[in-house]
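>>> A structural model of the following input is requested.
(one chain, ligands or ions: 1)
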Amino acid sequence: MTPAIRDMVDFQPADLYGLFSDVYSSSQGMSETLEDKFPDLASFRKDLAVLYGLPGAVALVVEIAQKPVAYVIIRPRKQSRLRHTADLSMGVAHAVRGQGLGGAALRAGLERAFAAPELEIVYLMVRSDNTPAIRLYERAGFETLALLNRDTKIGDSYSDGLLMRTFVDGQPGWRTAW
Ligand SMILES: CC(C)(COP(=O)(O)OP(=O)(O)OC[C@H]1O[C@@H](n2cnc3c(N)ncnc32)[C@H](O)[C@@H]1OP(=O)(O)O)[C@@H](O)C(=O)NCCC(=O)NCCS
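Numbering: from 1, shown residues only. Sure thing, here's the model as predicted:
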């Protein structure tokens, strides 16, 4: 079944906040916690308004039974000399992981990025032990630029990070057919 993919702006912030809470609380693979990023619904709502106003921003949601179950955000950087670059983040609700929805969301997001004249380069950070995410990113054409040793610390335990990049100003170059 091809999942329905819609613009994030079509969804209620409270429903999206529920999805983000699910993704963050069920994954050790994120370097930030939801509390770091969006301590409450009001801060989340404010951030969405900023995101939607950035030229070239991509914010998509995978929907099942009218509910948001996955998201991909490609957020252009604000600085005037960096606006051709953007940072990607994504997540899939824990109950529906491993069913290809992450791949579908990523592909749709990158297709939008290729179509956005403002965007040339997409970066992302991922933990080096987040195998499902790294597989997705490599298949979509991301390359690893750097291994950041001991980038994340949870209690006494460290994890390495990967800085990855893909160019979105040419033809889409999916490594393999999805
Ligand atoms: C990473 C994430 C977005 C992947 O989405 P998904 O819908 O579960 O992924 P898919 O079903 O499209 O599968 C992606 C790939 O990972 C593989 N995979 C899925 N679960 C896996 C697991 N537990 N271990 C190893 N590989 C796994 C799949 O087989 C697939 O690879 P393949 O197509 O080569 O077989 C999702 O797991 C998630 O939201 N995780 C928590 C948040 C997160 O880590 N976000 C990214 C931060 S940078």
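>>> So which residues on the protein come close to the ligand?
Residues of the chain lying near the ligand by C-beta under 6 Å from any ligand atom: 23, 27, 29-30, 90-92, 97-103, 124, 126, 130-133, 135-136. To be clear about C-beta, it is placed using only N, CA and C from the backbone, and glycine gets the same treatment.
>>> Of the residues you listed, which belong to strands?
90, 91, 92, 124, 126 (DSSP state E).
>>> which residues of this structure fall in helices?
13-25, 34-37, 41-52, 101-115, 131-139 (DSSP state H).
>>> Pick the most buried one from those.
Comparing the helices of the chain by mean neighbour count (mean count of other C-beta atoms under 10 Å), helix 101-115 ranks first with a mean of 20.
>>> For the ligand, give me its nearest residue in the protein.
Residue nearest to the ligand within the chain: residue 102 (2.2 Å; C-beta to the nearest ligand atom).
>>> Now do the contacts for the nearest residue to that residue once chain neighbours are set aside.
With C-beta to C-beta, 6 or more residues apart in numbering as the criterion, residue 102 has its nearest non-adjacent residue at 4.8 Å, and that residue is residue 92. Counting by C-beta atoms under 8 Å, 6 or more residues apart in numbering, residue 92 makes contact with 23, 62, 69, 70, 101, 102, 105.
>>> what is the fourth one paired to in the beta sheet?
The bridge-partner assignment for residue 70, based on DSSP bridges, gives residue 62, residue 92.
>>> Isn't it up against residue 96?
Yes - contact status for residue 70 versus residue 96: in contact at 7.3 Å, counting by C-beta atoms under 8 Å.
>>> Which one's more surrounded, those two?
residue 70 (26 against 15; other C-beta atoms under 10 Å).
>>> Quick check: the more buried one vs residue 58, distance?
14 Å (C-beta to C-beta, to the nearest Å).
>>> what does residue 50 give?
For residue 50, the distance to residue 58 (C-beta to C-beta) stands at 14 Å.
>>> What helices and strands are in contact with the lowest-mean-pLDDT helix or strand in the chain?
Least confident helix or strand of the chain, by mean pLDDT, DSSP states H and E, is helix 34-37 with a mean of 92. Under the contact criterion of 3 or more C-beta pairs under 8 Å, 6 or more residues apart in numbering; DSSP states H and E, helix 34-37 touches helix 13-25.
>>> Let's see that with 10 Å instead.
helix 13-25, helix 41-52 (3 or more C-beta pairs under 10 Å, 6 or more residues apart in numbering; DSSP states H and E).
>>> residue furthest from the geometric center of this protein?
The centre of the chain is farthest from one residue, residue 156, which by C-alpha atoms, centre = their mean lies 27.2 Å away.
>>> what about it, distance to residue 59?
Counting by C-beta to C-beta - residue 156 and residue 59 are separated by 36 Å.
>>> ok, now residue 31?
Residue 31 is 20 Å from residue 59, by C-beta to C-beta.
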